[in-house]
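**Student:** Following is a predicted model, sequence given first.
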Amino acid sequence: MNIFDINANNGRRFPARRLTKNIAGGVSSIKTENFCMGIVQLDPDGGQVPWHNHPEEEVYFILEGKGEMCIGNEKKEVVGGQAVFIPPNTFHQLTNIGKTPLKMIYCYGPAGDVDHWKQELEGTLPKAGVDVPPLPEGAWPQCTDAP
């Protein structure tokens with residue numbers, strides 16, 4: 001039996017002020033082929049999963065906190081207890097707009113690390129409105145800071 005202990009895992013810290021822990025797939029000890037699942041904590045006041053896209057369909061389930069979710073040209077506030085579907089190849093971004101950490105679970109398939117993780121760590125994430133489509137009007141700016 002393979003049990004992953006989230007409390008015994010340090011996860012990966014990203015420049016956009018978030019901590020990601022793979023639960024299944026990717027670098028997790030639970031190897032999967034058809035999906036990846038993990039938990040993310042976004043720092044207060046702007047911690048983010050920056051504007052990006054990938055061919056996998058994905059769901060974000062907000063556990064606690066308050067965020068700004070951008071998908072394509074839409075922008076909406078999300079709170080704990082809500083789930084958001086992200087279609088394949090659609091640009092999306094989640095930003096913590098609250099004063100406490102935002103915690104969420106992601107699930108996408110098939111399994112594997114998505115490109116934006118590596119790009120963010122290397123400081124090569126494409127810039128919204130320059131290299132890739134712009135964020136919805138009035139959205140929190142994309143974090144593309146190098147580590």
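**Tutor:** Happy to help now that I have it.
**Student:** partner residues bridging the spatially most central residue of the chain?
**Tutor:** For the chain, the residue sitting closest to the mean C-alpha position, by Cα atoms, centre = their mean, is V49 at 4.0 Å. Applying DSSP bridges to V49 gives these bridge partners: L94.
**Student:** List the residues that contact it.
**Tutor:** Taking Cβ atoms under 8 Å, 6 or more residues apart in numbering as the definition of contact, the neighbours of V49 are 16, 18, 40, 42, 92-95. Every residue, glycine included, has its C-beta placed from N, CA and C.
**Student:** Adding neighbour count, pLDDT and distance to G72, write the residues you listed out as TSV.
**Tutor:** Rendered in TSV, the data for the contacts of V49 read as follows (neighbours: other Cβ atoms under 10 Å; pLDDT from 0 to 100; distance: Cβ to Cβ, whole Å):
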residue	neighbour count	pLDDT	distance to G72
A16	23	96	20
R18	24	97	22
V40	21	98	21
L42	26	98	21
H92	21	98	8
Q93	24	98	11
L94	28	98	14
T95	27	98	16
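**Student:** nearest to L125, of the residues you listed?
**Tutor:** Checking the contacts of V49 against L125 with Cβ to Cβ, the nearest one is A16 at 8.6 Å.
**Student:** So what does that closest one have for phi and psi?
**Tutor:** Reported as degrees, to the nearest 10, the phi and psi values for A16 are phi -80, psi 20.
**Student:** Enumerate every residue touching it.
**Tutor:** 47-50, 120, 143, 145.
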